[in-house]
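# I'd like to go over a predicted model; first the sequence, then the structure.
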Amino acid sequence: MKTIKKFKSINEFETERLYAIRLNANDLDKFITMHTDPVVMETLGGIRSAEKTQENLDWNLNQWVENGFGLWMFYLKETKEWIGRGGIRRINLNSAEEIEISYALMSPFWNKGYATEITKACIEIAFEVLRLKNVVCFTLTTNKPSQRVMKKSGFEYENDIVINYDGIDYPHVLYRMKNYRKAEIIPYNNKWPDIFRQEAKKIQLVLGNIIKKIHHIGSTAIPNMPAKPIIDMILECEDISKIEKIKIGLQPLGYLYFSRQIIPYRSFFTRRHAEEMGFHLHIYEQGDPQIKRHVNFRDYMLTHLDDAKVYAELKLKLAKQFKEDINNYVIGKDKLIQQIDPKAKLWLGKRNNYLPSNTGKNIKNLTDAELMKAITANFNVHMTYFSQYIEQIELIRIPGFTIVNSQLPDDTFNYVLDADFSASVAQNKIAEVTNYFKEKNITFSWWISPLDKPNNLTSFLEKNEYKNTENNIAMLFDLDSWEPPLSSNSPLRIIQAKDEKTLHDFALVLANDTEVFKTYFSWIAAILTDDDPIEYYVGYVDDQPVVRGLSCYYAGVVGLYWLSTALDERKKGYGTFMQEYQLKRAKELGYHVAVLKASSKGYPLYQHLGYKECGIFKEFKLGDIKNEL
């Protein structure tokens, strides 16, 4: 960063002459001072009443809640005087969503370069920390000084617009700046392994025993592989709940802004940039399957030079084709990576000395919030894990949501989950998802967890003609307080399904479409290995599959899914026996908490067995694609 001289966190930073602190509710008096100043407000739509000022403050505070960014209050470092406010805001501008760089100074501080200093600092956070694609600035057509600030800061004029304030139209000029993240690919450098070791040593020194292992991953870890000048590293920690300690420990090294990674609440990402190299840290709890995926990919490429050559050639081709567009460069690589990942997963030479997964804590030592995060993360892994390795499935993980598209004509295998966006962009995000599936004419479901955002997402979906078709009750079970039955008279013979035949048996216990289910589980059979965090179980009576269950071990809990009994074999206790079998297996592995999502019909049974309700997962479907066929 050039303008920002000291970046403590996104809440607080310093430029050469100013220091910035995140807006808070106690800043109302400063807002009133600004909003009642006729000179300042001449450029901001006119003087505002105390009521309007409070509304404006609340709206700006909510920007931080909804988006993780917003306004800062700026002060002179030398005198501590408050000079104004500036920041990054998500707005609707003439029916289009935009990210705005906003600034407003008290008049004694005009024409001193402070507005440009604030604007450039906000741009650096928008592009280098938040990685936003573009930002806008706008002002009255008569406000020439503000237009000069925009030009000095690097904005380019786009067009004239009209903005309505309190029923009055005001002519404005709109400026825009794009974040040209280049696909900079350079030849392999023999110094990269040493650079990794030096950085890893610094990290281990500040974090100590919190970090159990540090892995060098990505292209800079593969000799002769062209790569971006970025060292990608996995930090494997003992307990992801210690993430705040990790954040504090890494701050002196320059790792200041943390964001969520692939799996919500269980993985995090941070970066820093030196003069010639960047460092990207991917933080996971020990035993996380994403660690195995990245390390297996690296090790496989080290010994399979033909695949490495194909990958290198594709990277160079894409870097040339998308020189100014890093996003399309990354998307272009994804398909080949999805082809190589299963090869690395099935490779007999892969390592088997990974740290074991964390089996969690006693339920009494977990807060309700921690339990819900664990349930949500476990559900996410259950729904996405194998999709990473199946070439026929399109797995799309982008900011805002995750899409799994098997391209099979059954919404059991096509869905949206992990919604994480603000209410202000909900309409656009829903339209993006809807159009994606409509264009492909694929039936799908949208699953909403209690932690998905915005909080009123269900209302937005209903306004867009989605229907709430199913509600599953999230339930918890205390394994430490449970003793498995000593014996059973059940005629069930339960096995773990590991091949195509037994996985077909699993599928056909209860299937909407026999051929679709067999196809999907043939895909699973082709890439299933013993180190997967998911196990499939089938119960037989007289060699006929009558009941099934799936166990997903992730986030310190075991999730029980697909607990189903064949229609003509119900009310014989097979379902209860299967879930007891799965609970016993989890308890033997050292897990303390089991979770499941119960239907309204199954809820009384699980409640009777000792499960406790803790939330609702909702399924929505759009009625006009194929869902009603």
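That came through fine.

# OK, contacts around the nearest residue to residue 13 once chain neighbours are set aside?
Nearest residue to residue 13, sequence neighbours excluded (C-beta to C-beta, 6 or more residues apart in numbering): residue 7, at 4.6 Å. Backbone N, C-alpha and C define where each C-beta goes, glycine included. When contacts are counted by C-beta atoms under 8 Å, 6 or more residues apart in numbering, residue 7 touches 1, 13, 14, 129, 256, 257.

# What is the three-state secondary structure of residue 7?
strand (DSSP: H, G, I helix; E, B strand; the rest coil).

# Highest neighbour count among the contacts of residue 7?
With neighbours taken as other C-beta atoms under 10 Å, the top of the contacts of residue 7 is residue 13, carrying 24 neighbours.

# So it sits against residue 74, correct?
No - counting by C-beta atoms under 8 Å, residue 13 sits too far from residue 74 to count as a contact (10.3 Å).

# Between these two, which contacts overlap?
With C-beta under 8 Å, 6+ apart, residue 13 and residue 74 have common neighbours 19, 20.

# List the contacts of stretch 448-463.
With contacts defined as C-beta under 8 Å, 6+ apart, stretch 448-463 is touched by 66, 264-265, 372-373, 375-376, 379, 417-423, 426-427, 430, 446, 468, 474, 615-620.

# What is the end-to-end distance of it?
Taking C-alpha to C-alpha, to the nearest Å, stretch 448-463 runs 16 Å from one end to the other.

# quick one: it to chain centroid distance?
Chain-centre distance of stretch 448-463: 16 Å, with C-alpha atoms, centre = their mean, to the nearest Å.

# tell me which residues of it are tucked away?
Buried positions in stretch 448-463, judged by neighbour count with 16 or more other C-beta atoms under 10 Å: 448, 449, 451, 452, 453, 454, 457, 458, 460, 461.

# phi, psi of the second one?
Same thing as residue 449. phi -90, psi 170 (degrees, to the nearest 10).

# Give me the pLDDT value at it.
As predicted, residue 449 sits at a pLDDT of 97.

# Equivalent analysis for residue 92, please.
Among the per-residue scores, residue 92 shows a pLDDT of 85.

# quick check, it in a strand?
Yes - per three-state DSSP, residue 92 lies within a strand segment.

# thought it was touching residue 424?
Yes - look at residue 92 against residue 424 with C-beta under 8 Å: they come within range, at 6.4 Å.

# Can you point out the buried residues in the helix or strand harbouring residue 333?
Using DSSP states H and E, residue 333 sits within helix 326-346. Using 16+ other C-beta under 10 Å as the test for burial, helix 326-346 gives 326, 329, 332, 338, 340, 341, 342, 343, 344, 345.

# and the host helix or strand of residue 232, which strands flank it?
Secondary structure from DSSP H and E places residue 232 in strand 230-237. Next to strand 230-237 in the sheet, as set by DSSP bridges, lie strand 211-217 (antiparallel), strand 278-285 (parallel).

# same question for it, mean pLDDT?
97.

# One more: stretch 102-112?
Mean pLDDT, stretch 102-112: 96.

# what does that stretch contact?
Contacts of stretch 102-112 (C-beta under 8 Å, 6+ apart): 33-34, 37, 39-40, 43-44, 71, 82-89, 114-115, 118-119, 122, 137, 145, 149.

# returning to what we had before: what about the residue nearest to residue 13, distance to residue 299?
Per C-beta to C-beta, to the nearest Å, residue 7 is found 36 Å from residue 299.

# With residue 415 instead?
Distance, residue 415 to residue 299, using C-beta to C-beta: 32 Å.

# ok, these two, which is more surrounded?
Comparing residue 415 with residue 299 by other C-beta under 10 Å, the one with more neighbours is residue 415, at 20 against 17.

# in stretch 77-89, what's buried?
82, 83, 84, 85, 86, 87, 88, 89.

# what's the closest non-adjacent residue to residue 71?
residue 87 (3.6 Å).

# Revised request: answer the last question for residue 520.
residue 413 (5.5 Å).

# now residue 422
residue 66 (3.8 Å).

# now residue 361
Distances taken as C-beta to C-beta, 6+ apart place residue 592 nearest to residue 361, at 6.2 Å, with adjacent residues excluded.

# pLDDT below threshold where in this protein?
Residues of the chain meeting the criterion pLDDT under 70: 1, 275, 624-629.
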